[in-house]
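Student: quick check, what structure comes out for this input:
(2 chains, ligands or ions: 1)
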Amino acid sequence: MNQKVEFEVEEEEEERSRIPISERPEWADVRPLPQDDGPNPVVPIAYSDEFSETMDFFRAVYLADERSARALELTQEAIFLNSGNYTVWQFRRLILEALSVDLREELEFIDQIAKNNTKNYQIWHHRRWVAEKLGSNVASNELQFTGEIFSQDAKNYHAWSHRQWVLQTLGGWDDELAYCDELLQNDIFNNSAWNQRYFVVTKSPRLGGLEVTRDSEVAYAIKAILTKPENESPWRYLRGLYKNDVNSIANDPRVASVCVDVLTNEKECAHALNMVLDLLCNHYQPSIELKNAIDALSDNSDLELAKKVCSVLQLVDPMRANYWEWRKTTVPARD
Amino acid sequence: MAKMTASKTQEEQWMVQNQVFRIYDLVYRLPPHAQSVNFELRRDDHIEYLTRSLTQLGPNFTVLDANRPWLCYWIIHSIALLGDCVDDNLESDAIDFLRRCQDPNGGYGGGPGQMPHLATTYAAINALLTLGGHKSLSSINREKLYSFLLRMKDTSGGFRMHDGGEVDVRACYTAISVASVLNILDERLTQNVGDYIISCQTYEGGISGEPGAEAHGGYTFCGLAAMVLINEVHRLDLPGLINWVVFRQGIECGFQGRTNKLVDGCYSFWQGGVAAIIQRLHLMIKEQLGLSSTFKFDCITESDDDSSDTDREKPMLEGLNNNGYNFIKGSKGMRPLFNSMALQQYILLCTQEEAGFRDKPGKRRDHYHTCYVLSGLSVCHHCNVKEAETPPLPKDVMGPYSNLLEPVHPLYNIVLDKYYEAHEFFARL
Ligand SMILES: [Zn+2]
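Tutor: Reported below is the predicted structural model:
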């Protein structure tokens, strides 16, 4: 569930000089509330004294629903100790609202922790909440922030979700297609960038939707396929361009033609054969070139073409032998 | 378009793939006896590691302080998969602890006194059901839990994780799963959830966390399982989903989570579980492919004299809450479409440590990966039998037959016996 990343144990933070909360005069009136763990708790964690004390005070202000400046301060300390505590984050949002804090400062606070916790659900959710309140004038800031994340980890799931949310809610679509292209130039195998490209060409209000963009996108995908036929991403992208219109994929001669081109040089390309199979199952009338390309791979001349492709795939793609065998049984009867 | 030098994706992929191949090469060059040891599940060592963690965790686990019911579930479920259970004292301590995580207004938080959260609610419920028994099952406040679930319902039809929290497919699954297994699922909860989930099926065929995001193994499991539980799975493009999931099993023999990402042991369950669920959706798939219902798939390895369509004649329990029960009582109409032996090889040789399991060679074990690697291994063991209760053949189990794990209910990821016990218990309430 992508959750693992959140659970991976991180390096402990380095020691900071710290005055215990119980020795701070501004907290003298608060009685810390220990965790109600019971006499024999399971999965008991050996908390540091600092963590226990911070959370004991947090529980006290949370239970008292104290939306004060010192409580805000305390949530920050608690978040530094465990940024995965959603209760602390949620209470912090209540305080921020109650105190009408300048949320630009909050964005800076998130910057501090986000860079080291890029896979934490809570931080991203909080960032979205703050950005929504700040509105469209932080759009470019948010796009830039996610861009910095991608320069380290170009497939960060949360950062991509955040970026898509920013585009849809706050705007900033203008350079997005160029940005996708830039990432794909860097790494043509980056499927997250392909996914973002699909998001842009289908959703950007600037581009007019898939009907308008399909033609040039087919060309873009085909160019990528011819560069690296083993790259699954552009194959899926190409198929996706016809997602709600499966009949016309068989009517676009470029699709069959890229398969033939690839199979001529790389006979065993499973992605190309997978595409051929889809075409044949969508009533594509195979060209002579395609027939010849398949016949060159299989000497089993009795089978109809789609089943022949399945047989070839069983051989060249043994990891999915079961799947290709099953596909053979689902080939529609010829009409 | 692309540079002539290798891209980052390729470099990382080659590094992992070489490491994995080196391990396979090493093992397959050993003499037979030495080789076979490598395929043994180190059951006792795993159980010891898990049981110890239940009673003590170091300061590094502070980052999981808001996920303690998850730790309970990962550990208790892993122990159950291994065919064991915790002793009476620990069981009673676990029930008591989870009771303290239960919010007076319903749902479970990440620890005592924390806000209720859907993910930790799912973990707590699954842990309690796995412990089983009257004390455990009756500790769940179902009425309050139902009202918590309703409060988490979003106008989009989806669910939010907690009060003021994020809406995503994980939240939908965890809400639907607990409601279903506790027999409190109704139309108010299911309303428009299906719309939300289908809006997350991407052009690749898999399912994403939110509309527009990238297809991902974890969310694909969540979305598919939830759709089965609310009886709307026919609304997904199943052939497209199947094609996507089978391509996630790579040359390293394990599953990756997304296209062009690295192999990772935990996807043995997220993707393997999807493949297992698919095996019982044959009628729906046939329909989507426009094949007549009398058409025979010829897909069961063993003497497949009786057609898959016979499930229709089996007694089905009525109502939304029995979708999970009817699902598991139905027969598998299809052979597994993934490569079970290859996945078992990746699990046993690349993810198993002296005790516990990991993501991939070079990573360290943790409870999350131990839980989902074992869950995936169980799916592998039981994927070739037609009925849930039938014991697998020795050829289905890589390594000695003593490696065999308990079967799970793939929609909830609860050990099957424990699921039946809970189903019976809550059906009466
Ligand atoms: Zn993992």
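Student: how about the nearest residue to residue A:138 once chain neighbours are set aside, secondary structure?
Tutor: Of all residues not flanking residue A:138 in the chain, residue A:131 sits nearest, at 5.4 Å (Cβ to Cβ, 6 or more residues apart in numbering or on different chains). No exception for glycine: its C-beta is placed from N, CA and C like everyone else's. Per DSSP: H, G, I helix; E, B strand; the rest coil, the secondary structure class of residue A:131 is helix.
Student: how many residues are close by residue A:131?
Tutor: Here the number of neighbours of residue A:131 (other Cβ atoms under 10 Å in any protein chain shown) works out to 24.
Student: so what's it up against?
Tutor: A:107, A:138, A:142, A:166, A:169-170 (Cβ atoms under 8 Å, 6 or more residues apart in numbering or on different chains).
Student: whichever of those residues end up buried, select them in PyMOL.
Tutor: Selection of buried members from the contacts of residue A:131 for PyMOL, criterion 16 or more other Cβ atoms under 10 Å in any protein chain shown:
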select buried, chain A and resi 107+138+142+166+170
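Student: make CSV out of the contacts of residue A:131 and add secondary structure, pLDDT and distance to residue B:19.
Tutor: Output for the contacts of residue A:131, formatted as CSV (DSSP: H, G, I helix; E, B strand; the rest coil; pLDDT from 0 to 100; distance: Cβ to Cβ, whole Å):
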residue, secondary structure, pLDDT, distance to residue B:19
A:107, helix, 94, 40
A:138, helix, 97, 42
A:142, helix, 97, 37
A:166, helix, 98, 37
A:169, helix, 98, 42
A:170, helix, 98, 42
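Student: now for the contacts of residue A:131, which pair is the farthest apart?
Tutor: Farthest pair in the contacts of residue A:131 (Cβ to Cβ) is A:107 and A:169. Separation: 15.4 Å.
Student: before we move on, which element is residue 52 in?
Tutor: You didn't say which chain, so I picked chain A. Per DSSP states H and E, residue A:52 falls inside helix A:49-63.
Student: not quite, go with chain B.
Tutor: Assigned by DSSP H and E, residue B:52 falls in helix B:43-55.
Student: give the buried residues for that helix.
Tutor: In helix B:43-55, counting by 16+ other Cβ under 10 Å, buried: B:46-47, B:49-51, B:53-54.
Student: now stretch A:286-297
Tutor: Those buried within stretch A:286-297 under the rule 16+ other Cβ under 10 Å are A:286, A:290, A:293-294, A:297.
Student: likewise stretch A:275-284?
Tutor: Buried positions in stretch A:275-284, judged by neighbour count with 16+ other Cβ under 10 Å: A:275-281, A:284.
Student: returning to what we had before: out of the buried residues of stretch A:286-297, list just those in strands.
Tutor: Using DSSP state E, no member of the buried residues of stretch A:286-297 falls within strands.
Student: restrict those residues to those near the ion?
Tutor: Residues of these in contact with the ion (Cβ under 5 Å from the ion): none.
Student: before we move on, back to that, okay, the buried residues of helix B:43-55 in JSON lines with pLDDT and distance to residue A:310 next?
Tutor: What follows is those, written out as JSON lines (pLDDT from 0 to 100; distance: Cβ to Cβ, whole Å):
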{"residue": "B:46", "pLDDT": "98", "distance to residue A:310": "40"}
{"residue": "B:47", "pLDDT": "98", "distance to residue A:310": "44"}
{"residue": "B:49", "pLDDT": "98", "distance to residue A:310": "44"}
{"residue": "B:50", "pLDDT": "98", "distance to residue A:310": "43"}
{"residue": "B:51", "pLDDT": "98", "distance to residue A:310": "48"}
{"residue": "B:53", "pLDDT": "98", "distance to residue A:310": "47"}
{"residue": "B:54", "pLDDT": "98", "distance to residue A:310": "49"}
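Student: of those, closest to residue B:145?
Tutor: residue B:54 (24.2 Å).
Student: my guess is the closest one contacts residue A:44, does it?
Tutor: No. Counting by Cβ atoms under 8 Å, residue B:54 does not reach residue A:44; the two are 9.2 Å apart.
Student: returning to that earlier point: for the contacts of residue A:131, give me CSV that also has distance to the ion.
Tutor: Shown next, in CSV, are the contacts of residue A:131 (distance: Cβ to the ion, whole Å):
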residue, distance to the ion
A:107, 31
A:138, 33
A:142, 28
A:166, 28
A:169, 30
A:170, 32
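Student: flag the shaky bits of the chain, pLDDT-wise.
Tutor: In the absence of a named chain, chain A is used. For chain A, the stretches flagged by pLDDT under 70 are A:1-16, A:246, A:334-335.
Student: meant chain B actually
Tutor: B:1-4, B:293-315.
Student: how about the secondary structure of whichever residue of it sits closest to chain A?
Tutor: Among all residues of chain B, residue B:203 sits closest to chain A, at 2.8 Å; criterion: Cβ to the nearest Cβ. Following three-state DSSP, residue B:203 is assigned to coil.
Student: that one and residue A:235 touch, don't they?
Tutor: No. Using Cβ under 8 Å, residue B:203 is not in contact with residue A:235, being 11.5 Å away.
Student: tell me which of these two has more neighbours.
Tutor: Neighbours were counted for residue B:203 and for residue A:235 using other Cβ under 10 Å; residue A:235 has more, 26 against 23.
Student: now stretch B:328-347, how far from the centre of its chain.
Tutor: Centroid separation for stretch B:328-347 versus its chain: 13 Å, with Cα atoms, centre = their mean, to the nearest Å.
Student: equivalent analysis for stretch B:29-39, please.
Tutor: 30 Å.
Student: now stretch B:269-284
Tutor: Centre to centre, stretch against its chain (Cα atoms, centre = their mean), the figure for stretch B:269-284 is 11 Å.
Student: name the residues of it that are buried.
Tutor: For stretch B:269-284, the neighbour count (16+ other Cβ under 10 Å) marks B:269-284 as buried.
Student: of those, which belong to helices?
Tutor: Of the buried residues of stretch B:269-284, the ones assigned to helices by DSSP state H are B:269-278, B:282-284.
Student: let's have these in a markdown table, adding distance to residue B:383.
Tutor: As requested, these are exported to a markdown table (distance: Cβ to Cβ, whole Å):
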| residue | distance to residue B:383 |
| --- | --- |
| B:269 | 12 |
| B:270 | 15 |
| B:271 | 13 |
| B:272 | 8 |
| B:273 | 11 |
| B:274 | 12 |
| B:275 | 7 |
| B:276 | 6 |
| B:277 | 11 |
| B:278 | 10 |
| B:282 | 14 |
| B:283 | 19 |
| B:284 | 19 |
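Student: going by distance to residue A:223, which of the residues you listed wins?
Tutor: Looking across these and measuring by Cβ to Cβ, the closest to residue A:223 is residue B:271, at 30.2 Å.
Student: check contacts around the closest residue in space to the closest one that isn't next to it in sequence.
Tutor: Distances taken as Cβ to Cβ, 6+ apart place residue B:255 nearest to residue B:271, at 4.0 Å, with adjacent residues excluded. Listed by Cβ under 8 Å, 6+ apart, the contact set of residue B:255 reads B:217, B:248-249, B:263-264, B:267-268, B:270-272, B:338, B:343, B:376.
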